[in-house]
Each structure stands twice: as structure tokens, then as C-alpha cells.
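Trainee: Fold the following, please.
(4 chains)
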Protein chains: 4
Amino acid sequence: MHFEHSPTCQDYLARMKRFMQEHVYPIEQQVYDDIHAMNPDGNWRQWTVHPAMEDLKHKARNAGLWNLFLPDETVGAGLSCLEYAPLAEETGKVLFAPEIFNCNAPDTGNMEVLYHFGNEEQKAKWLTPLLNGDIRSVFGMTEPDVASSDATNMAATIEEQGDELVINGKKWWTTGLGHPNAKVCIFMGLSNPDNHKHQQHSMVIVPLDTKGISIKRMLSAYGDYDAPFGHGEMHFNNVRVPKANLLVGMGQGFAIAQGRLGPGRIHHCMRAIGMAEKALELAINRGLSRVAFGQPLLKLGGNGERIAKARMAIDQARLMTLHAAWKIDAVGVKNAMTEISAIKVVVPNMLQEVVDMAIQIHGGAGMSADFPLARFAAGARALRLADGPDEVHMGMVTRLELKKYQ
Amino acid sequence: MHFEHSPTCQDYLARMKRFMQEHVYPIEQQVYDDIHAMNPDGNWRQWTVHPAMEDLKHKARNAGLWNLFLPDETVGAGLSCLEYAPLAEETGKVLFAPEIFNCNAPDTGNMEVLYHFGNEEQKAKWLTPLLNGDIRSVFGMTEPDVASSDATNMAATIEEQGDELVINGKKWWTTGLGHPNAKVCIFMGLSNPDNHKHQQHSMVIVPLDTKGISIKRMLSAYGDYDAPFGHGEMHFNNVRVPKANLLVGMGQGFAIAQGRLGPGRIHHCMRAIGMAEKALELAINRGLSRVAFGQPLLKLGGNGERIAKARMAIDQARLMTLHAAWKIDAVGVKNAMTEISAIKVVVPNMLQEVVDMAIQIHGGAGMSADFPLARFAAGARALRLADGPDEVHMGMVTRLELKKYQ
Amino acid sequence: MHFEHSPTCQDYLARMKRFMQEHVYPIEQQVYDDIHAMNPDGNWRQWTVHPAMEDLKHKARNAGLWNLFLPDETVGAGLSCLEYAPLAEETGKVLFAPEIFNCNAPDTGNMEVLYHFGNEEQKAKWLTPLLNGDIRSVFGMTEPDVASSDATNMAATIEEQGDELVINGKKWWTTGLGHPNAKVCIFMGLSNPDNHKHQQHSMVIVPLDTKGISIKRMLSAYGDYDAPFGHGEMHFNNVRVPKANLLVGMGQGFAIAQGRLGPGRIHHCMRAIGMAEKALELAINRGLSRVAFGQPLLKLGGNGERIAKARMAIDQARLMTLHAAWKIDAVGVKNAMTEISAIKVVVPNMLQEVVDMAIQIHGGAGMSADFPLARFAAGARALRLADGPDEVHMGMVTRLELKKYQ
Amino acid sequence: MHFEHSPTCQDYLARMKRFMQEHVYPIEQQVYDDIHAMNPDGNWRQWTVHPAMEDLKHKARNAGLWNLFLPDETVGAGLSCLEYAPLAEETGKVLFAPEIFNCNAPDTGNMEVLYHFGNEEQKAKWLTPLLNGDIRSVFGMTEPDVASSDATNMAATIEEQGDELVINGKKWWTTGLGHPNAKVCIFMGLSNPDNHKHQQHSMVIVPLDTKGISIKRMLSAYGDYDAPFGHGEMHFNNVRVPKANLLVGMGQGFAIAQGRLGPGRIHHCMRAIGMAEKALELAINRGLSRVAFGQPLLKLGGNGERIAKARMAIDQARLMTLHAAWKIDAVGVKNAMTEISAIKVVVPNMLQEVVDMAIQIHGGAGMSADFPLARFAAGARALRLADGPDEVHMGMVTRLELKKYQ
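Mentor: Residues are numbered from 1 along each chain as shown, chains lettered A, B, ... in the order given. Got it, this is the predicted structure:
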């Protein structure tokens, strides 16, 4: 056991930090303000990508900081899940950073699905432009009319009709749907209702310009639309795609999802840890510079202890996530279910508390758009629900724990 | 000691509940949706009041449900702080309800200030239209450039020049500033810097159309602009008002503020308790109707216990607030400082937790604008800062507790 | 609604405080030390009552501070549940005080059972000496071999044989069993296994010197034996009592228990609130007098806030308990089930946290027998299990809350 | 970074688990019961070591499981702090296990002090018999009359008089003082009051049979005397030892203490993690076997989630402690102060919560001496104070965090 990152990882980390320092932090607040001003909330059809983005993506790719999440050496960087983790943390500190490195959700998960489960034709058509950052993608899973915490509730249907698959139903919280470059959806729906519970659903590639798809609206999360990505509600009305768009086979949806979710949770959690570090940094800067009752805020009452509690909570959460990443690398997702579920509970709750503390130190400013804290808070809150709520993951940890005794 | 509300209070409560049932709840969701659609976020100069509001106000006034917060029988309803408390709770359940009864912050606080501290001329000019609901008002206290948790930090200046007072500086989180009917600001600023710490500030009535006032922007709180009220940032550049606009006298700002804050905190807290009751109701309705893993959500894992915890937390917070209201009535604000500070800490934190639970039960829907939960969450978060952060109020409770031992 | 105690209550409270001041506090620490020294832990057969007790009881009775818990004017003080509550709080501050006023558990509960459900003969034989404080009693309910959180699990048997009832089985956590004056047990057991679930058990009066009863041991709770009362394990081997010892009738055990538990929980909770007040007082005295890093402990870090949190938690818990007491008086135990279960959860948890804080302020001394804090901690911990664990009471609150929606 | 223990560590761990399985677990409960019965609480002069101990120590030494904590290959096992950590966890599961392997506090810390700071003569006289397990030792630091959370408060004096050092003052919470084999005390006292704050104290070796030492009493912690080790109060009245007993030099006490505390905290924390694992195991066994309301306890309400929360908290705490151990090995105690202080806060609080949960699952039995849970609870509570209270360690973490910004 030792706790030093591999030389490769350290090298990437140093380069990424340098990149952030040179290209991202200097324009961080400006981009936040611009995005806020450019994208009329709710009016998502007018949303635009910030003009700096394409240039930053170009620079990142040239710097070899591109598709770092993919363990494949040729199309990605050949980093293990554990080696990528601290890079994901770094990108989490700035809300628009992950896209710069083509490492943003849900594209990463979709690329993983296509990489691991797509056939050559599917890869050529969809994976390549995604890897190039030319298009963006969405994932259609959560539905408005059922409790999606139980994924087997998914009720939108996929029916075989001749050479086509016909899709009907509703999806919402489809992240990235508002992005001007969003072109394709990985859609999961009920295809084989008579099969065993976890073999009833399939995954299909659905181009977003297919007839019958209507985007109803973007949803605000804690009042925030997360432009220009957004979280959308989309309706499918007899949407037809060729059978060639099916991933793996009918009824294989959950098998694919399983593989997708392991590394994705590491990514999410590490980005959340990056947010927490940023929130703590902001809290300390504010708390040392603002004075009340004759003292910097951090010298007053329990404020100092709150800094310690944040440091301790972040450090524990990071170690737990790195351990889970290592376990995925070492023994595979299926043998790391306790760890993967545990971080999914621990990290977003930790982030929620750390950000709440940071907001409190900032006073009203902390809730405003002058700082990224309110958006971190929304992110934390959402992450306690996305990919399964806390309760479902605790249930998994419990189940696996009790299993040891039977 | 007994826990039944007075007959007068019970009568008002029954009438208000009937009013809400007949006139408000039937259009509740529609009004939320309309407000959302009508008021382009951030673009506050285009904000408008919902068309139903004036009619509702008219009906409420006719029903004798008007200015209930004012203990005066002629202009208000003659209710004690304790008798008004459960009515405030009732209005808290719907975000736009307090205004219907002319009982919304910050107008209530401003009316109290004018009622208790205004001279006849000031009352005639500003209190009367406020009591009639013809205009709205704001309160200028928090400032962007200092830690406002220490109110003595307030740095915007009020200078005497001949017959005028000249005002310079910045205020933000000025609630209601975006409202089309907002006409006047009660402004608090530094006027006598050489006086003792709590006699350096004064309160002045400043019409919002006075030259030199510029409204820079509305601030979002957790992404929410709280239209059409809003929380604004306003700058004062050599703003001149006649000395007749001074309240009480130079250096009397804190003395006035003290009296204003006691009942105001009861109102805030009771509305927050109403929000918590509404959140719990929504959680139960959702939790009983949505099914996962073959069971209604509330039968799963620890969800049932969460309902009990919410009930117990709400009931404790309510009793504490009612007791504080009773104590204000019985012995005055100055002798109820522990109680007033205690509820200011307990209630918003309780609300934050109950709403967080309700959101979790709702899944993604809970974070969206389809339910008022995200706005309750923003309200709870803001209330942990507004009128003094948790920490300052805990400091007050501690100080008074230790005093008993000296 | 108002929050002043009745004149009668205030008069009793003033007299009790005076009594405590004159007779109890001056010898408090001495009696603790003596009890510690006199009663060899575990060696319960040698336990003795402190020599001061009989005199104190005598004085209390003469002062009219006797059997205050009984709402009957002739045998008790005629106080309502709400009027007795603050007196119970006062007795809670000193571990041996309740017995002084003949108001200690489980005798109070047993006296209530005999008072409400005993026939004249039973009262003459057992209630009278209990009311006189001449004997002590125990209550046999919890059993070692089943999960007693589900009271219907009780498996010790009561069988009718001719004119006798024959008792077999085990009971433990029988409080007061080690007391030299313990003479009688109210025993609850399974008598009618074919009845409906809540009509299978009966209550019987069993003199402790009946043949077949063996006291196996006293149990330590967090290492504390609670001498000279103790919590015992007793085995019943063909124990025979006349049928005349049956309370009410066969299968009526739960009906009797129900009535017993309501006021008993108020008493327990108010005493626990008294402990919390005492713990807070000790914490403040210690925290103001001990100096570290150049400051009294309470000026360091978050310690001040901890005092405020304790004050706020205690005040909420007290109001909730007083409200529950009032509701029992006003509408009866059956209509106050939410309130009674809620305080049973809230108060012991509050006490546990307040005492934990007080111990932390005391350092090692707080854990030692030099202060009553460790025993308060044990009391709080036990009270989270006794008379139903937290979880069972939360379940009750949940059930009644959901019922409103069906 | 990887998370597998070294082959050496794995080998030791396997052997220790086998040893526990073969020799310790089979007699675990019997030894607990015996210790309870053999050692009349408080009456510490009659305390005796359990007869099985010497045999177990002999077996452990023969099995090469002896002095594992010492990184020296010749006298210890040559294990790094990180390699020893999981072994310490294993010993933590049984209260009397650490002594079997000569790895119990405070002897380990004292042996480290003598090993690192003793001269040859001191080592020969005191370290050798300690390494052989022939004698036991104590550490005299905490004092009854000052706030010992600030170690510079230590007021017991060491004065040079000719060739002797003269010691006066009081110490308490001296762990191990009741042990029949306790022969020597490492005493820390105020020797150079005019020096800089951290150079005023010295450490001296004081044989316990020196004239002038009186052992006043053993202290109970949560009612538990922790026999046959105990925590004692000792008074020093003109106690004289030769100057040769001074460690390192006058005024060097804190410098020595610093080095002692780093690895010691790892040991304490890992044992605490072992206790938490044991508590969780007991909770699961009980919760699966006891039935209420027709279900095993762990299927009821939020009980399942509590298991998950315990698992997640333990795993985080363990990773944090292992990381701290690694950092001590890699960069030394002085550069791992954040980590060492952080675990000192996190682990005992985690243990307190996990044990509290386990007790709740056990019902009354959990508080009794039938399970080790109450003693684990006392251990957790004590550990939140010993070697510096939570608050002092949070202060350290805060200070080091803020330093990064200056």
C-alpha cells in the first residue's frame, strides 16, 4: 500500500494544473458572467456555447490533455481509473472545465458505452465525432411518470417493427439536451417486458433530429438551468430508428448500464471533490479577508472548526473514491459494488455540507451568481439523486454487508 | 399554561384557511407557472405582478384578512404577536400568499417602523399607501463591501447638509426592489461615526425615484430571482432627501431596528414553519403515490423515519416560535432576546432539513420548478443569513446564557 | 395559549426549589460519594439505602411535597400532568431526589396502575404502603430472550390453575429490584395466547418473596449499577399467586399498560430535561473557570456555540413535553399518541447530546464519578431504549402522520 | 498508489488472525466475565491479572507476534507504521488482546520513548523488561487541577537539587496504574518555567515504588474501571530520583512527546477501528437473529441504512488512518500533523456513533456487561479526550489549513 500517484499520473496532473493556471483560471469569472448573461434562462433554444470554448478545447487537445478518461492508449490517454481520478478532481473546480478536456458528463459515459459495446459502424458514426469533441450527446434514462430510483420502473418502450425499432415515451433530466451541439441520445427503454427483471430493457442510439422527438423544455435545478448544457424533458412519439442502432442486443440494457456506471461514478465523485476543494478555498479566502466584530470571520466562534471539518470530510471522501477507483482497476466493477455505492452516498453529501458552510461564510454573496457556490450546491443536491438516490446506494451497501453473514 | 389559541385567533385562522381553500390553492400551481413564464429571469425591468394578485388582495381586504400583522385595531386587526403567528404560518404555505393579505416582508417590517417611529407626516405619506397595499417598499441595510453579519460595519453614509440628508454608498439583498410597485426605501446608514458603536447609524425614508439612486441588478439566490419581488443591488450617489425624511433622530437607527426585528422574526419563522408543513405534505403525497421495488417510497428503508423526524422537528420549532411570540407580547422584545435569537437559528435550519428530505423523496422533480420545494430550499438558505447569520444569533444566545452566571 | 404555569404549580415549584436548596444541594456531592462507597458494585445483596434518605423523605412529606405525581387530591397533590411536569424536572437534577418526594420510577407507574386499575383490596395491601414510601416496587416487562421492542413478544407465561396463577419465565432490566425495600412486582406475561395480539397478556401483582422467584443478578448499564435501585434479572419458576392478585382481568395487560405509559413518559422526559439543565450548568461553570491557551474554555473555538445549541435544544424539548402533558390532560393519552411518542424520541436524544457536550467541556473529570455526568449519559442512553426504543416511537409518529392522508 | 498491504504485512496479519481464532476468540467471553468477577470495582489493590494472560503472551511471543509496533527488526518486528496498522486493528477487537502481543498502551508509547530517547543504561534497566512483558508502565501527563487540553498548563514540578530531581504535584487518568505489574512511570512536569513555552517541561523516569508517591484511587470512566489496568490518580510529594533518570535533557519534554504521539495515534485509531468492526459485527448478528413485528430487526425501518452508514464511516476512517500511517513513514511525524490530528478527531467520533448504533440494535443487552459494547462506548468517549480533545485537534487542522493561504 502506498499513496503516491504513478509518475504518468503525476505528469498529467502537473500539466493539467499548468493548463488551468494559464488558460482557465484567468478567465474563470468572466466566463461565468458571460454564460449567465448570454443564456436567457429557460429560453434554451437561444443558448450558445461560450466563444472561448472551442479555442480552449483546441489548446487542450494540442497539449495532450484530451479524452483522458478513456483507458485506451490510442483514442484516450491510456490512464487507469485511478490515474484519471485526480485529473477529474482538477476539472471539477471550474464548472466549464470538463468540456475543455472532452471529459464532461454525460459524453464520457456515452463514449464509454460506444467504446466498449458499440460495433465498428456505430463507433465510426458516433464515437469518432464525440472523441473529436465535434458533437455532444445525451443519455435518456430517467422518466417523469415513474419512480426512477428503481431503474426497472422505466416504462418508455422500444418495439421491433421489421427492420426498425419504434420508441415511445418520455424522458427527463436528460443532461446536455440544451447544448447546441447535442446530436445523439443513448436511449434506454422497455423492450422485452416478459424477460427477467434485469433483461427487459435495451439501449438504442437515437439521433436527436429523428422525427417524433420533441424537446418540451429545460428543467431548472434549484433555479439553475445549467446552460448551455441543460437538463431537458423530451417526448418520443413513434420515433423510428434502424435496428442497426441497437447496442449489443435486445434486453442487454442493464448489462451495458452496469459497466457504464462504475467509472462514471468515480468521475462524478472526483469532480465533486474538486468542487469541495474550490468551495473550501473560497471560504478561507473570504473568511480571512472579511472582518466582523473586530476579527476576520474565521477567528470567530466555531468558524475555524468548520474549516477543519471540511478538510477532514474532503480528505476522507477523496481517499474513499481513490480506493474505489483502484478496486475497479484491480478487480472490476462487479467486485467493487460496495465501494462504488459508498462513494456515491458519501461524496455528494460531503459536498453539500462543505458548500453550505462556504455559503454561510460568504453571507448573501455566497448564494448569488457572483460565486460558483450556489451552482456547486445545486450540483451536490442533484448528485444525491442522479444515478440512483442515496437511499438506493445505501441499500446496496447494506445488502452486500449482510451477505457476508449468510 | 395552555396551548389553545384565543377565540379571536381561532376565528381568523378558520377564515384564512377557508380563504386559502377557496381562492388560493385552486390557482396555486397555475400562478407559479405563470410567474415563472412571465418574468424573464434577471431581466427584472420587465417583471410584472401576476394579474390575479389585485383581485385576491381586494377579496382578502373585503374578508377582513388584511394587515393582520399590525397589533393596532384601527389600521390592523388588533392581534397580538402570538395571535398573528398561526396566520403567518398559513400564508407561508404558498409563496405568493403573504402579499394577498398585505402581510409580506419587507413591507410588514417597514410598516411597523413607520407605525411605531414615523411622525404624522411620514405616516400620511408612506404608511397609508403601504397599509392600502397601493405601493411596496424596501429596506436598505446589507452592503456588498463589508461583512454585514456585524451590522455596525454598515458603511454607506448619511450626511447632513443644510436642510438635506445626503446619502452615498451601496446596498444589496434589498428585497422587493424589483417589484413594479416598489416606491420607497427605508435606508440605514452611517451618520454619526463619532458616537458610541450602536448610535452611529440613522434611518431615513428615501423615495426610490430620487435622483442619484441606480438599481444595478437583481441578485439570484440559488439561481432563483424571486420575481416579481427580487433582491436588488442599489447604489446611492449623492442622493438628497429633505431632513423631514429622517426617522426619530440622528443616530437612532439601531434603536429603531431593534424594535423592528422582534416581531419580524416571529413572522419570518412562522412562514418558514408553514413552508415546512407544505414540504412535508408534498413529501407524504409523493411518497405514498410513487412506487419503487414494489412498495410506496415511504415504506422503503429509512423513509418512514424521515417523516417522523420532520414532524418532530416542525412541532418543536413551532412551539418555540409561539413561545417567543408570547414572550414578546408579555414582556417585550428586549426581554425576549434569547427566544428571538433561538428561533432565528432553529427554524430556518429545520426548514432546510425538512425541505431537503422532501426533495429527496421527490427525486429530480423536487429540484425543478414543478414544485415549490427548490424555492423553499432557497428561502431556508437565505433565512439562515438574512437578519443575521446563525452564528451571530447563537452568539447572542450564548452571551445571555453565560450572563446568568456572572 | 399562554406559557405561565398555574398559581398552584408555581407555588409547588417555589417550595420544591426551596426544599432542594435547603436540604438536597448542600449534601448532593456527599451523598453521591457515599452511595459510590457504600454499595459495592455488583454485590447488590449488600446494597443499602443512604442514611439521609428516610429523614429527607420525612421532611418532604411534612413540607407537603409528597406523591406529587398523583392527580388525586386526597392521596396525591391533585396536580394535573402539566402542573406536575416542572416539579419532575426539578427532581431530575439530582439522581437521588425523586425518591425523596416519593416520585421515583418505577414506583410512580406502579402506583398509577394500582390507583387506576386495582380493586380496594389490592389498593389497601399494596398502594397504601407505596404511597407511604414504606416499600418499593418493580415492574416486570422486558425479557432477555426476545426482542422486547415489540412488546407482544413477551413470552413469560401466566397460567390459571384452580384459584392460582402460575408464572414462569424470565424478566430483566427490572428497575429497582436491588433496593432493600423492594417488596412487590407488577408482572406482565402471556396468559391468553389465542386472543387477539393485544389481548394475550395480563398483569399480576407478585410479592417478591414468593417461592420460585430467583434474582440472578443486577445488570450494569454503561458500567453503572445504579445502586441501590439497580436493574435486575429475575427468573420465575412455577411461581404461584392467588387469582386475587390479577389486575382487572385476563388479557387486559396492554390496556392497563397503555394508560400507565402516557404520564410516565412525561415524568421520565421532564426528569431528563432536569438532567440536561444540570449538565449545562456544570458545563458553564467548568467552562468559565478552567483556562486553556490563555482563555476560559468557553471562549475557545466552537465551545460558545455549543452552549447555545444546548440551550436551544433543551428549550425546544421542554416546550414539546409540556405541550404533550397539556394534551394528555386535555384530551387523554389515546389522543396524544403522536406527542407522547415524539417526546420519547426527542428528549433522551437531546439529553445524550447535551451531556456529551458537558463531558467534553469537563475533560476526563466528566467521565469520572466526581460529577454526575457519566450517570446522566447512562440514563440518557438507557432512556433511548426503555419503554420502547427510538425507532418504535418514530414508527408510531410516522404511522399517525400518514393516517391523516388516508 | 495502490491499496494492497505489503507481503510482510499480509503474512503477519494472516498469522495474527489465526492466533486470534485459535487462542483468543474461544475464550473471549469467558475472560470478560472472569475479569468482571475477579476485580471488585474500585477496590483496585485487589485487582489481578487473568490467569490465561501469561500463557497467551508466551504463545504469542513464540509465534513471533510480539512487540510488533516497534519498527526495529531486532527488538521488534521491523514493521513500518503502515504495516503495523492492520495488526493493531485486529487487536482492537478484543479488549484484552493488545497486551497478549505486548502491544498495549501506554506501554507501547513508553517503550518508543525509551527506544528513541533513552540512553543505554535507561534502556537496559527499563526498556528490556518492558520489551519482555515482565513489567508494565504508566505515563504521567494529565493533571486534575488544570485544563490539560492545553499541555503547557502542566503544573507538577521537577526541580534539580544536587544529583537529584525532586518531583511534586498530581497526575490523574494515569492509565495502567492499577495493574499489579506496573513498575515505572514516565513523568512529565514543569522544570524550566522561564524557558520558551514548549521548552519548560521535562520527562523523567520514576519507579513507582519511590518514596513520596501515593496512589489515591482509580477513576471510573462511564462507570467502568478498566481493570486490571485502570486509570489512576497519583500524588507526588517530594519524590526524589537520581538525575540519571532524566530523559534527553531538561526542557526536552515536549520534543520527546511530539515524537511519541504520532505513531501512538495510529495505534489508538486502528484499535478503535477494530472495535468499530467488532461492534458492527455484533450489531449484524443481533439484528439478523432477533425478530420484532414479524421481521429481523435489520429489516425494520431505518436499521438497514444504519448498517450502511457504519460500513461507510468505518471504511473512510480506516483509509484516513492508513494514509496517515503511510505519511508518517514517508515524511515523518512533523510533516503529517494535519493527518495525525484529523484521524484523532474522525476515528473516535466514528467509533462512538457505530457503537451507539450497535447498542441500540442490542436493546438493553447492549448496555450490559454481556457484550463489550458499553466498554467500547466508554473507550470511544475517553479517546475523544485523551491525547488532546477533539477541539484541540480540529484547531491544529484549521491552523495548518489556513497557513497555506498566508
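
Trainee: Three-state assignment for A:Ile167, please.
Mentor: With DSSP: H, G, I helix; E, B strand; the rest coil as the basis, the three-state label of A:Ile167 is strand.

Trainee: how many neighbours does it have?
Mentor: 26 (other Cβ atoms under 10 Å in any protein chain shown). All C-beta atoms are positioned from the backbone trio N, CA, C, and that covers glycine.

Trainee: Over to A:Ala124?
Mentor: For A:Ala124, the number of neighbouring residues by other Cβ under 10 Å comes to 11.

Trainee: Relative to B:Leu82, how far out is it?
Mentor: Per Cβ to Cβ, to the nearest Å, A:Ala124 is found 74 Å from B:Leu82.

Trainee: now swap in A:Ser220 and tell me
Mentor: 38 Å.

Trainee: Then A:Ala14?
Mentor: Using Cβ to Cβ, one obtains 64 Å as the distance from A:Ala14 to B:Leu82.

Trainee: More neighbours: which of those two?
Mentor: The neighbour comparison of A:Ala14 against B:Leu82 (other Cβ under 10 Å) goes to B:Leu82, with 24 against 10.

Trainee: Please name the nearest non-neighbouring residue to that one.
Mentor: Leaving out its chain neighbours, the residue that sits closest to B:Leu82 by Cβ to Cβ, 6 or more residues apart in numbering or on different chains is B:Ala325, at 4.3 Å.

Trainee: Most remote residue from the middle of chain A, which is it?
Mentor: Going by Cα atoms, centre = their mean, the residue of chain A most distant from its centre is A:Gly294, 42.5 Å out.

Trainee: any idea which helix or strand carries A:Gly232?
Mentor: A:Gly232 belongs to strand A:231-242 when assigned by DSSP states H and E.

Trainee: What helices and strands are in contact with that strand?
Mentor: With contacts defined as 3 or more Cβ pairs under 8 Å, 6 or more residues apart in numbering or on different chains; DSSP states H and E, strand A:231-242 has these neighbours: strand A:164-175, strand A:201-207, strand A:213-219.

Trainee: Take those strands and lay them out in CSV including distance to D:Ala155 and mean pLDDT.
Mentor: Conversion of those to CSV gives the following (distance: least, Cβ to Cβ, whole Å; pLDDT from 0 to 100):
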stretch, distance to D:Ala155, mean pLDDT
strand A:164-175, 63, 98
strand A:201-207, 72, 98
strand A:213-219, 65, 96
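
Trainee: Quick one: closest of those to chain D.
Mentor: Closest of those to chain D is strand A:164-175, at 24.3 Å (criterion: Cβ to the nearest Cβ).

Trainee: Contact residues of chain A facing chain C?
Mentor: The interface of chain A toward chain C, taken as Cβ under 8 Å from any Cβ of the partner chain, is made up of A:301-302, A:304-305.

Trainee: List the ones among the residues you listed that fall in strands.
Mentor: When strands are assigned by DSSP state E, not one member of those lies inside them.

Trainee: ok and the strand holding A:Gly232 relative to strand A:164-175, angle-wise?
Mentor: Calculated by axes from the mean of the first three to the mean of the last three Cα atoms, to 10 degrees, strand A:231-242 forms an angle of 160 degrees with strand A:164-175.

Trainee: Give me the contacts around strand A:231-242.
Mentor: Strand A:231-242 is contacted by residues A:44, A:138, A:140, A:144, A:156, A:161, A:163-175, A:177-178, A:185, A:187, A:204-207, A:210-219, A:221, A:225, B:364 when judged by Cβ atoms under 8 Å, 6 or more residues apart in numbering or on different chains.

Trainee: ok, of those residues, which come out buried?
Mentor: Of all the contacts of strand A:231-242 considered here, the ones buried according to neighbour count by 16 or more other Cβ atoms under 10 Å in any protein chain shown are A:44, A:138, A:140, A:144, A:156, A:165-175, A:177-178, A:185, A:187, A:204-206, A:213, A:215, A:217-219, A:221, A:225, B:364.

Trainee: can you pull the buried residues of the strand holding A:Gly232?
Mentor: By neighbour count, and taking 16+ other Cβ under 10 Å as the criterion, the buried residues in strand A:231-242 are A:231-236, A:239-241.

Trainee: For the host helix or strand of A:Leu400, name the packing helices and strands.
Mentor: Here A:Leu400 is covered by helix A:390-403, with elements defined by DSSP H and E. Using 3+ Cβ pairs under 8 Å, 6+ apart, the elements in contact with helix A:390-403 are helix A:337-362, helix D:253-289, helix D:303-331.

Trainee: Contact partners for A:Gln406?
Mentor: Contact partners of A:Gln406, counting by Cβ under 8 Å, 6+ apart, are absent.

Trainee: Apologies, that question was intended for A:Asn168.
Mentor: The neighbours of A:Asn168, taking Cβ under 8 Å, 6+ apart as the test, are A:156-157, A:159, A:236-239.

Trainee: can you give me how far stretch A:135-149 is from the chain middle?
Mentor: A distance of 13 Å separates the centroid of the chain from that of stretch A:135-149, by Cα atoms, centre = their mean, to the nearest Å.

Trainee: for stretch A:372-384, same thing?
Mentor: The mean C-alpha position of stretch A:372-384 is separated from the chain mean by 12 Å, Cα atoms, centre = their mean.

Trainee: So is that stretch next to chain B?
Mentor: Yes. Applying Cβ under 8 Å from any Cβ, one finds that stretch A:372-384 is in contact with chain B at A:374-375, A:377-378, A:381-382, A:384.
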